[in-house]
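1. 3D, please:
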Amino acid sequence: MTREIYIVKGTTDHLAELQRLFVDTISSVCSADYYAEQIKVWTSSIKNKDRWNDIISNQYVLVAKYEDKIVGFATLSNRNYLDLFYIHKDFQGLKIACKLYSNIEKEALQCGQSEITSDVSITARPFFEKIGFQVLKEQTVLRQCVELTNYKMKKVLN
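-> Numbers count the residues shown, from 1 in each chain. Modelled structure (predicted):
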């Protein structure tokens, strides 16, 4: 890649593309760790317009772009909870997640936070452990009568 990945604040103009990236990433990247019915239930959350509007309006949203394409995004809720964190399936392994996360952590620190927590998928757990998060507990979440495993994780900020 000759052009740089750059980070911008998320806006309502980004919402539709963020939702597409959310569904595409889960459907492809997470398919090794979750079966089809789990992915279907997980991705169906884009139908919750109130939740997505709340995310874009009330969370700290960062978007990674390459040229004019969104290639990743992260959201910070309540200044210390990493709510959504997704990297485009075709842009995995390019340090975009590290770049987004470092900006999220910087924001949390600027807001006086001493830790960041998140509910992390099986797929994302190795990345989160690599950047200093620790598993607090394994969780089973029930959505539409389908069980999904994730991990409550925390990172103490320095």
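2. C-alpha from now on. contacts and neighbour counts both.
-> Will do.
3. Give the bridge partners for the residue nearest in space to the middle of the chain, please.
-> The centre of the chain sits closest to Phe85, judged by CA atoms, centre = their mean, with a distance of 1.0 Å. Under DSSP bridges, the beta-bridge partners of Phe85 are Ala74.
4. and it, how far is that from Arg3?
-> Remark: distance between Phe85 and Arg3 (CA to CA, to the nearest Å) = 23 Å.
5. Likewise for Lys130?
-> From Lys130 to Arg3 the distance is 26 Å (CA to CA).
6. What residues of stretch 134-145 count as buried?
-> Residues of stretch 134-145 classed as buried by neighbour count (16 or more other CA atoms under 10 Å): Gln134, Val135.
7. show me what contacts Phe128?
-> Each residue near Phe128 by CA atoms under 8 Å, 6 or more residues apart in numbering is listed here: Val120, Gln134.
8. ignore the last one, Gln19
-> Contact partners of Gln19, counting by CA under 8 Å, 6+ apart, are Ile46.
9. Please report the distance of it from Val61.
-> From Gln19 to Val61 the distance is 13 Å (CA to CA).
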